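[1] For reference, the sequence and a predicted model appear below.
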Amino acid sequence: MKKNQTSITSVLLMSLSDDQKTIHVLFIFFLLIYLMTVFSNFLIILLVVTCAHLHTPMYFFLGNLAFLDMSYSSVTAPSMLSHLITQHWSMALQECIVQMFFLTYFATSEAYMLSSMSYDRYVAVCRPLHYSQLMSWEKCTQMVTLVWVSGFLFPFMYTLFLRSLTFCGPKFIENFCCDMPRLLQITCSDTFTNSLFLLTVGSVFGSAALLTTFYPYVRIFRAVLRIGTSDGKSKAFSTCTSHLTVVIMYYASVAFIYLVPDTSNLLTLNRVVTVIYTLITPLLNPLIYSLRSKDLKAALQRALHIHRLHPDTATRR
(Lines give C-alpha, C1' and ligand atoms only; values in the text may rest on other atoms or scores of the structure.)
Protein backbone atom coordinates (compact mmCIF):
# COMPACT_ATOMS: atom_id res chain seq x y z
CA MET A 1 0.00 0.00 0.00
CA LYS A 2 1.14 3.52 -0.74
CA LYS A 3 2.00 5.72 2.20
CA ASN A 4 -0.37 8.39 3.49
CA GLN A 5 -3.35 6.75 1.83
CA THR A 6 -6.68 6.25 3.59
CA SER A 7 -9.11 3.51 2.62
CA ILE A 8 -12.23 4.80 0.92
CA THR A 9 -15.77 3.59 1.56
CA SER A 10 -17.48 5.26 -1.40
CA VAL A 11 -16.77 6.12 -5.02
CA LEU A 12 -17.82 9.03 -7.20
CA LEU A 13 -19.22 8.20 -10.62
CA MET A 14 -18.99 10.51 -13.61
CA SER A 15 -22.04 12.66 -14.22
CA LEU A 16 -23.58 12.37 -17.67
CA SER A 17 -24.14 16.13 -17.83
CA ASP A 18 -23.90 19.31 -15.74
CA ASP A 19 -26.68 21.14 -17.57
CA GLN A 20 -30.08 20.89 -15.85
CA LYS A 21 -32.10 20.90 -19.07
CA THR A 22 -29.91 18.18 -20.55
CA ILE A 23 -30.23 16.16 -17.34
CA HIS A 24 -34.04 16.27 -17.52
CA VAL A 25 -33.98 15.22 -21.17
CA LEU A 26 -31.57 12.37 -20.41
CA PHE A 27 -33.69 11.22 -17.48
CA ILE A 28 -36.87 11.04 -19.56
CA PHE A 29 -35.02 9.39 -22.47
CA PHE A 30 -33.32 6.71 -20.36
CA LEU A 31 -36.47 6.10 -18.32
CA LEU A 32 -38.43 5.43 -21.51
CA ILE A 33 -35.63 3.20 -22.81
CA TYR A 34 -35.57 1.20 -19.58
CA LEU A 35 -39.37 0.81 -19.41
CA MET A 36 -39.47 -0.29 -23.05
CA THR A 37 -36.65 -2.76 -22.39
CA VAL A 38 -38.42 -4.33 -19.42
CA PHE A 39 -41.76 -4.42 -21.25
CA SER A 40 -40.45 -5.88 -24.53
CA ASN A 41 -38.30 -8.55 -22.88
CA PHE A 42 -41.02 -9.49 -20.40
CA LEU A 43 -43.49 -9.75 -23.31
CA ILE A 44 -41.20 -12.21 -25.10
CA ILE A 45 -40.86 -14.29 -21.92
CA LEU A 46 -44.64 -14.26 -21.47
CA LEU A 47 -45.27 -15.33 -25.08
CA VAL A 48 -42.67 -18.10 -24.91
CA VAL A 49 -44.19 -19.45 -21.69
CA THR A 50 -47.87 -19.22 -22.67
CA CYS A 51 -47.88 -20.01 -26.41
CA ALA A 52 -47.63 -23.74 -27.09
CA HIS A 53 -46.22 -23.35 -30.62
CA LEU A 54 -43.27 -21.39 -29.15
CA HIS A 55 -42.27 -24.30 -26.92
CA THR A 56 -39.23 -25.07 -29.06
CA PRO A 57 -35.49 -24.99 -28.26
CA MET A 58 -34.93 -21.75 -30.20
CA TYR A 59 -37.58 -19.84 -28.26
CA PHE A 60 -36.57 -21.51 -25.01
CA PHE A 61 -33.12 -19.95 -25.46
CA LEU A 62 -34.68 -16.68 -26.59
CA GLY A 63 -36.78 -16.52 -23.41
CA ASN A 64 -33.63 -16.95 -21.32
CA LEU A 65 -31.85 -14.30 -23.39
CA ALA A 66 -34.75 -11.90 -22.79
CA PHE A 67 -34.51 -12.52 -19.04
CA LEU A 68 -30.76 -11.84 -19.17
CA ASP A 69 -31.29 -8.60 -21.11
CA MET A 70 -33.96 -7.43 -18.69
CA SER A 71 -31.77 -8.26 -15.68
CA TYR A 72 -28.64 -6.79 -17.25
CA SER A 73 -30.34 -3.47 -17.92
CA SER A 74 -31.81 -3.45 -14.40
CA VAL A 75 -28.32 -3.57 -12.88
CA THR A 76 -27.39 -0.13 -14.22
CA ALA A 77 -30.54 1.74 -15.31
CA PRO A 78 -32.31 2.28 -11.93
CA SER A 79 -29.18 3.54 -10.19
CA MET A 80 -28.29 5.77 -13.16
CA LEU A 81 -31.81 7.24 -13.21
CA SER A 82 -31.58 7.86 -9.47
CA HIS A 83 -28.22 9.62 -9.90
CA LEU A 84 -29.63 11.73 -12.74
CA ILE A 85 -32.67 12.93 -10.80
CA THR A 86 -30.80 13.60 -7.54
CA GLN A 87 -27.49 14.64 -9.11
CA HIS A 88 -25.84 12.65 -6.33
CA TRP A 89 -23.28 10.48 -8.15
CA SER A 90 -21.72 8.95 -5.06
CA MET A 91 -22.00 5.20 -4.49
CA ALA A 92 -20.86 3.03 -1.59
CA LEU A 93 -17.80 0.97 -2.48
CA GLN A 94 -19.51 -2.31 -1.60
CA GLU A 95 -22.52 -1.33 -3.72
CA CYS A 96 -20.13 -0.59 -6.58
CA ILE A 97 -18.54 -4.05 -6.24
CA VAL A 98 -21.98 -5.69 -6.16
CA GLN A 99 -22.97 -3.81 -9.31
CA MET A 100 -19.74 -4.90 -10.99
CA PHE A 101 -20.44 -8.53 -10.03
CA PHE A 102 -23.96 -8.66 -11.47
CA LEU A 103 -22.98 -6.62 -14.52
CA THR A 104 -20.22 -9.12 -15.30
CA TYR A 105 -22.41 -12.09 -14.39
CA PHE A 106 -25.23 -11.21 -16.77
CA ALA A 107 -22.81 -10.13 -19.52
CA THR A 108 -20.86 -13.40 -19.28
CA SER A 109 -24.05 -15.46 -19.14
CA GLU A 110 -25.37 -13.66 -22.22
CA ALA A 111 -22.20 -14.51 -24.14
CA TYR A 112 -22.70 -18.21 -23.37
CA MET A 113 -26.43 -18.00 -24.09
CA LEU A 114 -25.59 -16.63 -27.53
CA SER A 115 -23.20 -19.53 -28.06
CA SER A 116 -25.96 -22.00 -27.12
CA MET A 117 -28.24 -20.31 -29.64
CA SER A 118 -25.48 -20.61 -32.28
CA TYR A 119 -25.35 -24.35 -31.70
CA ASP A 120 -29.13 -24.53 -31.99
CA ARG A 121 -29.00 -22.74 -35.36
CA TYR A 122 -26.17 -25.03 -36.51
CA VAL A 123 -28.21 -28.15 -35.76
CA ALA A 124 -31.32 -26.65 -37.40
CA VAL A 125 -29.47 -25.82 -40.64
CA CYS A 126 -26.79 -28.51 -40.88
CA ARG A 127 -28.43 -31.49 -39.17
CA PRO A 128 -32.19 -30.97 -39.46
CA LEU A 129 -33.01 -34.69 -39.46
CA HIS A 130 -31.35 -35.10 -36.04
CA TYR A 131 -32.68 -31.85 -34.58
CA SER A 132 -35.23 -33.38 -32.21
CA GLN A 133 -32.61 -35.78 -30.88
CA LEU A 134 -29.72 -33.32 -30.53
CA MET A 135 -31.90 -30.54 -29.13
CA SER A 136 -34.13 -32.51 -26.79
CA TRP A 137 -35.65 -30.70 -23.82
CA GLU A 138 -33.30 -32.50 -21.47
CA LYS A 139 -30.24 -31.32 -23.40
CA CYS A 140 -31.59 -27.78 -23.75
CA THR A 141 -32.18 -27.62 -20.00
CA GLN A 142 -28.66 -28.88 -19.37
CA MET A 143 -27.21 -26.27 -21.74
CA VAL A 144 -29.10 -23.40 -20.10
CA THR A 145 -28.11 -24.60 -16.63
CA LEU A 146 -24.47 -24.72 -17.76
CA VAL A 147 -24.82 -21.17 -19.11
CA TRP A 148 -26.06 -19.78 -15.79
CA VAL A 149 -23.39 -21.65 -13.79
CA SER A 150 -20.55 -20.71 -16.15
CA GLY A 151 -21.58 -17.08 -16.07
CA PHE A 152 -21.34 -17.11 -12.28
CA LEU A 153 -17.80 -18.52 -12.00
CA PHE A 154 -15.75 -15.69 -13.52
CA PRO A 155 -17.27 -12.72 -11.59
CA PHE A 156 -17.36 -14.79 -8.39
CA MET A 157 -13.64 -15.62 -8.57
CA TYR A 158 -12.79 -12.04 -9.47
CA THR A 159 -14.84 -10.64 -6.59
CA LEU A 160 -12.91 -12.91 -4.21
CA PHE A 161 -9.68 -11.44 -5.56
CA LEU A 162 -11.01 -7.92 -4.93
CA ARG A 163 -11.49 -8.70 -1.23
CA SER A 164 -7.71 -8.79 -0.81
CA LEU A 165 -7.27 -5.26 -2.20
CA THR A 166 -7.30 -1.93 -0.35
CA PHE A 167 -9.14 0.87 -2.10
CA CYS A 168 -7.69 4.29 -1.34
CA GLY A 169 -8.47 6.37 -4.39
CA PRO A 170 -8.66 8.37 -6.38
CA LYS A 171 -12.30 7.63 -5.64
CA PHE A 172 -13.46 9.04 -8.99
CA ILE A 173 -14.65 6.46 -11.57
CA GLU A 174 -14.75 7.77 -15.12
CA ASN A 175 -18.09 6.21 -16.04
CA PHE A 176 -21.70 6.10 -14.82
CA CYS A 177 -21.40 2.46 -13.65
CA CYS A 178 -18.82 0.19 -12.04
CA ASP A 179 -16.92 -2.40 -14.03
CA MET A 180 -13.79 -4.49 -13.55
CA PRO A 181 -11.03 -2.32 -15.09
CA ARG A 182 -12.18 0.87 -13.35
CA LEU A 183 -12.27 -0.75 -9.93
CA LEU A 184 -8.60 -1.61 -10.33
CA GLN A 185 -7.87 2.06 -11.04
CA ILE A 186 -8.93 3.15 -7.53
CA THR A 187 -6.88 0.67 -5.50
CA CYS A 188 -3.54 1.40 -3.88
CA SER A 189 -2.65 -2.30 -3.59
CA ASP A 190 -0.47 -4.16 -6.06
CA THR A 191 -2.85 -5.09 -8.88
CA PHE A 192 -0.46 -7.28 -10.86
CA THR A 193 -2.09 -10.53 -9.69
CA ASN A 194 -5.59 -9.19 -10.30
CA SER A 195 -4.69 -7.81 -13.71
CA LEU A 196 -3.05 -11.11 -14.64
CA PHE A 197 -6.10 -13.00 -13.42
CA LEU A 198 -8.43 -10.69 -15.33
CA LEU A 199 -6.38 -11.12 -18.51
CA THR A 200 -5.85 -14.88 -18.22
CA VAL A 201 -9.24 -16.08 -16.99
CA GLY A 202 -11.05 -13.44 -19.03
CA SER A 203 -9.22 -14.64 -22.13
CA VAL A 204 -10.14 -18.25 -21.39
CA PHE A 205 -13.83 -17.50 -20.81
CA GLY A 206 -13.93 -15.03 -23.68
CA SER A 207 -12.18 -17.35 -26.13
CA ALA A 208 -14.51 -20.20 -25.22
CA ALA A 209 -17.54 -17.97 -25.79
CA LEU A 210 -16.17 -16.63 -29.09
CA LEU A 211 -15.25 -20.08 -30.40
CA THR A 212 -18.56 -21.71 -29.49
CA THR A 213 -20.49 -18.76 -30.91
CA PHE A 214 -18.77 -18.19 -34.26
CA TYR A 215 -17.50 -21.66 -35.19
CA PRO A 216 -21.05 -23.01 -35.75
CA TYR A 217 -21.55 -20.18 -38.23
CA VAL A 218 -18.52 -21.34 -40.20
CA ARG A 219 -20.27 -24.69 -40.58
CA ILE A 220 -23.58 -22.96 -41.34
CA PHE A 221 -22.03 -20.81 -44.11
CA ARG A 222 -20.45 -23.88 -45.69
CA ALA A 223 -23.75 -25.75 -45.60
CA VAL A 224 -25.67 -22.79 -47.06
CA LEU A 225 -23.15 -22.34 -49.89
CA ARG A 226 -23.67 -25.97 -50.92
CA ILE A 227 -27.39 -25.35 -51.45
CA GLY A 228 -28.07 -25.15 -55.18
CA THR A 229 -30.84 -22.53 -55.38
CA SER A 230 -30.77 -18.93 -54.21
CA ASP A 231 -34.20 -19.37 -52.62
CA GLY A 232 -32.90 -22.33 -50.65
CA LYS A 233 -29.88 -20.35 -49.47
CA SER A 234 -32.06 -17.41 -48.46
CA LYS A 235 -34.49 -19.64 -46.59
CA ALA A 236 -31.72 -21.51 -44.76
CA PHE A 237 -29.83 -18.39 -43.74
CA SER A 238 -32.95 -16.41 -42.79
CA THR A 239 -33.28 -18.56 -39.67
CA CYS A 240 -29.91 -17.23 -38.45
CA THR A 241 -29.91 -13.53 -39.35
CA SER A 242 -31.64 -12.32 -36.17
CA HIS A 243 -29.25 -14.19 -33.92
CA LEU A 244 -26.20 -13.19 -35.95
CA THR A 245 -27.20 -9.51 -35.78
CA VAL A 246 -27.53 -9.71 -31.98
CA VAL A 247 -24.15 -11.49 -31.72
CA ILE A 248 -22.37 -8.83 -33.80
CA MET A 249 -23.86 -5.98 -31.74
CA TYR A 250 -22.90 -7.68 -28.49
CA TYR A 251 -19.28 -8.43 -29.37
CA ALA A 252 -18.70 -5.09 -31.10
CA SER A 253 -19.70 -3.27 -27.89
CA VAL A 254 -17.67 -5.58 -25.65
CA ALA A 255 -14.58 -5.25 -27.86
CA PHE A 256 -14.71 -1.46 -27.75
CA ILE A 257 -15.27 -1.22 -23.99
CA TYR A 258 -12.63 -3.74 -22.89
CA LEU A 259 -10.05 -3.67 -25.70
CA VAL A 260 -9.84 0.03 -26.62
CA PRO A 261 -7.58 1.87 -24.14
CA ASP A 262 -9.09 4.52 -21.88
CA THR A 263 -7.66 7.76 -23.20
CA SER A 264 -8.97 11.28 -22.75
CA ASN A 265 -9.84 11.45 -26.45
CA LEU A 266 -11.97 8.31 -26.29
CA LEU A 267 -13.50 8.84 -22.85
CA THR A 268 -16.76 10.35 -24.12
CA LEU A 269 -17.05 7.74 -26.86
CA ASN A 270 -16.44 4.99 -24.31
CA ARG A 271 -19.32 6.29 -22.17
CA VAL A 272 -21.59 6.39 -25.23
CA VAL A 273 -20.72 2.80 -26.11
CA THR A 274 -21.31 1.78 -22.49
CA VAL A 275 -24.79 3.31 -22.70
CA ILE A 276 -25.44 1.36 -25.90
CA TYR A 277 -24.05 -1.82 -24.37
CA THR A 278 -25.98 -1.65 -21.10
CA LEU A 279 -29.22 0.11 -22.12
CA ILE A 280 -29.80 0.20 -25.88
CA THR A 281 -28.73 -3.35 -26.85
CA PRO A 282 -31.06 -5.05 -24.31
CA LEU A 283 -33.90 -3.14 -25.98
CA LEU A 284 -32.81 -3.85 -29.55
CA ASN A 285 -32.45 -7.61 -29.02
CA PRO A 286 -36.17 -8.36 -28.53
CA LEU A 287 -37.08 -5.91 -31.30
CA ILE A 288 -34.75 -7.63 -33.77
CA TYR A 289 -36.19 -11.06 -32.99
CA SER A 290 -39.77 -9.79 -32.97
CA LEU A 291 -39.47 -8.06 -36.34
CA ARG A 292 -37.90 -11.08 -38.06
CA SER A 293 -39.76 -13.92 -36.34
CA LYS A 294 -43.10 -14.79 -37.94
CA ASP A 295 -43.89 -17.10 -35.02
CA LEU A 296 -43.43 -14.32 -32.45
CA LYS A 297 -45.47 -11.85 -34.47
CA ALA A 298 -48.21 -14.44 -34.94
CA ALA A 299 -48.22 -15.24 -31.21
CA LEU A 300 -48.50 -11.56 -30.32
CA GLN A 301 -51.31 -10.98 -32.84
CA ARG A 302 -53.16 -14.03 -31.55
CA ALA A 303 -52.82 -12.87 -27.94
CA LEU A 304 -54.08 -9.38 -28.81
CA HIS A 305 -56.94 -10.85 -30.86
CA ILE A 306 -58.04 -13.11 -27.99
CA HIS A 307 -57.87 -10.18 -25.57
CA ARG A 308 -60.07 -8.06 -27.85
CA LEU A 309 -62.62 -10.85 -28.30
CA HIS A 310 -62.72 -11.94 -24.66
CA PRO A 311 -61.43 -9.06 -22.49
CA ASP A 312 -63.18 -10.33 -19.34
CA THR A 313 -61.76 -13.83 -19.75
CA ALA A 314 -58.29 -12.49 -20.44
CA THR A 315 -58.48 -10.33 -17.34
CA ARG A 316 -59.60 -13.21 -15.14
CA ARG A 317 -56.74 -15.32 -16.42
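    Received, thanks.

[2] From L47, how far off is S290?
    Distance of S290 to L47, given as Cβ to Cβ, to the nearest Å: 9 Å. C-beta: built from backbone N, CA, C; applies to glycine.

[3] where does the nearest residue to L279 once chain neighbours are set aside land on pLDDT?
    If you skip the residues right next to it in sequence, L279 has I33 as its closest partner in space, 5.4 Å away by Cβ to Cβ, 6 or more residues apart in numbering. pLDDT recorded at I33 is 94.

[4] Show the contacting residues for I33.
    I33 makes contacts with 77, 279-280, 283, as judged by Cβ atoms under 8 Å, 6 or more residues apart in numbering.

[5] CSV for those, including secondary structure?
    Output for these, formatted as CSV (DSSP: H, G, I helix; E, B strand; the rest coil):
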residue, secondary structure
A77, helix
L279, helix
I280, helix
L283, helix
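
[6] Identify the contacts common to S290 and L47.
    By the contact definition Cβ under 8 Å, 6+ apart, S290 and L47 are jointly contacted by 296, 300.

[7] so for the helix or strand where Y251 lies, what's the average pLDDT?
    When secondary structure is defined by DSSP states H and E, Y251 falls within helix 241-259. Taken as a whole, helix 241-259 has an average pLDDT of 82.

[8] Give me the phi and psi angles of C178.
    C178 adopts backbone torsions of phi -100, psi 130, taken as degrees, to the nearest 10.

[9] quick one: pLDDT of it?
    Model confidence at C178 (pLDDT) stands at 86.

[10] What about it, how many residues nearby?
    25 (other Cβ atoms under 10 Å).

[11] Which one's more surrounded, S290 and L47?
    Legend: neighbour count by other Cβ under 10 Å for S290 and L47, higher for L47 (22 against 17).

[12] these two touch, right, that one and R302?
    No: with contact defined as Cβ atoms under 8 Å, L47 and R302 do not form a contacting pair (9.4 Å).

[13] what's the spacing between the residue nearest to L279 and Y289?
    Look at I33 and Y289: by Cβ to Cβ, they are 18 Å apart.

[14] what angle do the one helix or strand F197 maps to and helix 241-259 make?
    With the criterion set as DSSP H and E, the secondary-structure element containing F197 is helix 192-225. Counting by axes from the mean of the first three to the mean of the last three Cα atoms, to 10 degrees, helix 192-225 lies at 160 degrees to helix 241-259.

[15] Give the rounded mean pLDDT of helix 192-225.
    Looking at helix 192-225 alone, the average pLDDT works out to 84.

[16] which strands and helices sit next to it?
    If contacts are counted by 3 or more Cβ pairs under 8 Å, 6 or more residues apart in numbering; DSSP states H and E, helix 192-225 sits against helix 93-126, helix 137-162, helix 180-184, helix 230-238, helix 241-259.

[17] got the buried residues for the shortest one?
    By neighbour count, with 16 or more other Cβ atoms under 10 Å as the criterion, the buried positions of helix 180-184 are 180, 182-184.

[18] Next one: F102, what pLDDT does it get?
    According to the model's per-residue confidence, F102 sits at a pLDDT of 93.

[19] I'd guessed it sits against V75; true?
    Yes: if you go by Cβ under 8 Å, F102 and V75 touch, sitting 4.8 Å apart.

[20] any idea which element the residue nearest to V38 when sequence neighbours are not counted lies in?
    If you skip the residues right next to it in sequence, V38 has M70 as its closest partner in space, 5.6 Å away by Cβ to Cβ, 6+ apart. Assessed by DSSP H and E, M70 sits inside helix 57-86.

[21] Now do the contacts for the residue nearest to F256 when sequence neighbours are not counted.
    Excluding the flanking residues, the one nearest F256 by Cβ to Cβ, 6+ apart is V273, at 4.9 Å. Remark: with contacts taken as Cβ under 8 Å, 6+ apart, V273 is in contact with 253, 256-257.
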